[in-house]
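Chemist: Mind looking at a prediction? Sequence and model below.
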Amino acid sequence: MQVSSREKNILLLAVLVALAFVFFNVLPRVQAVYQSRQENIEGVELNIDREQRLVENTVLWQDRRVEVEAMLAEFEAQVFSGATIPIVEANIQRALSQYARDSGITVSSTRLAERIETEGWLLISQEMSFRTTNAGNTVTFLGRLEKSAPRLRVTDFSVSRSRNQYSGSITVVGFARSEGLSMATAATR
């Protein structure tokens, strides 16, 4: 069967219309689907990278958390506690006197504790006069204060010798959190 030239022209026109239809309708849809697929693949790859970084950083953050918790525990061991400010002051005075007795030092007198409160913290300063017959006892006493827990920090120290006895005074400070303590102090005044 033979195709006439008019039929060839119609077939050619139909092919051109079909090509135009594919070019203007089908091809953009295929490109949109392809573009969407590429964006999805890139999103998944980004999520995979993010997850891998999170997994890698998990160990780092766990180590940091353990380190911070250890520092916090060490810090808390250096801070005095009590229900009221007078109890905290008494704890500091008792600890200072106990370290002196354990070192062979006789406590002559103690002054009333002085306190300074600022930004949630309470600094309590305690002064004590002492005497001893052995100079080595003062070194032992200072060593015990250095290792004290809760921590007592020496802010002033003086010692003098008269005959066979050493006399001196020491001022130490201890710290406590003032949260909850201020209200108890105001009620006792």
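Modeler: Nice, thanks for sending it over. Numbers count the residues shown, from 1 in each chain.
Chemist: can you tell me which helix or strand the spatially most central residue of the chain belongs to?
Modeler: Closest residue to the average C-alpha location of the chain: V68 at 5.2 Å, with Cα atoms, centre = their mean. Per DSSP states H and E, V68 falls inside helix 27-77.
Chemist: Centre of the chain to that helix, how far?
Modeler: Relative to its parent chain, helix 27-77 has a centroid offset of 23 Å by Cα atoms, centre = their mean, to the nearest Å.
Chemist: Which elements pack onto that helix?
Modeler: Contact analysis of helix 27-77 by 3 or more Cβ pairs under 8 Å, 6 or more residues apart in numbering; DSSP states H and E lists no helix or strand as a packing neighbour. Where you see a C-beta, it was placed from the backbone N, CA and C, and this is true even at glycine.
Chemist: before we move on, the earlier item: may I have the predicted confidence score for the residue nearest to the centre of the chain?
Modeler: We have a pLDDT of 95 for V68.
Chemist: Would you map out the domains in the protein?
Modeler: The record's domain parsing of the chain by automatic domain parsing lists 1-77, 85-188.
Chemist: Need the winner for burial among the ones you listed.
Modeler: domain 85-188 (a mean of 16; mean count of other Cβ atoms under 10 Å).
Chemist: Just the CA trace of stretch 41-59, in CSV.
Modeler: What follows is stretch 41-59, C-alpha atoms only, in CSV (Å, rounded to 0.1, in the frame of the first residue of the first chain):
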residue,chain,number,x,y,z
ILE,A,41,18.2,12.8,47.4
GLU,A,42,20.1,16.0,48.5
GLY,A,43,17.8,16.3,51.5
VAL,A,44,18.4,12.7,52.5
GLU,A,45,22.1,13.1,52.1
LEU,A,46,22.1,16.2,54.3
ASN,A,47,20.0,14.4,56.9
ILE,A,48,22.5,11.5,56.8
ASP,A,49,25.4,13.8,57.3
ARG,A,50,23.7,15.6,60.1
GLU,A,51,22.9,12.3,61.8
GLN,A,52,26.5,11.1,61.5
ARG,A,53,27.8,14.4,63.0
LEU,A,54,25.3,14.0,65.9
VAL,A,55,26.4,10.4,66.5
GLU,A,56,30.1,11.5,66.4
ASN,A,57,29.4,14.4,68.7
THR,A,58,27.4,12.3,71.1
VAL,A,59,30.5,10.8,72.6
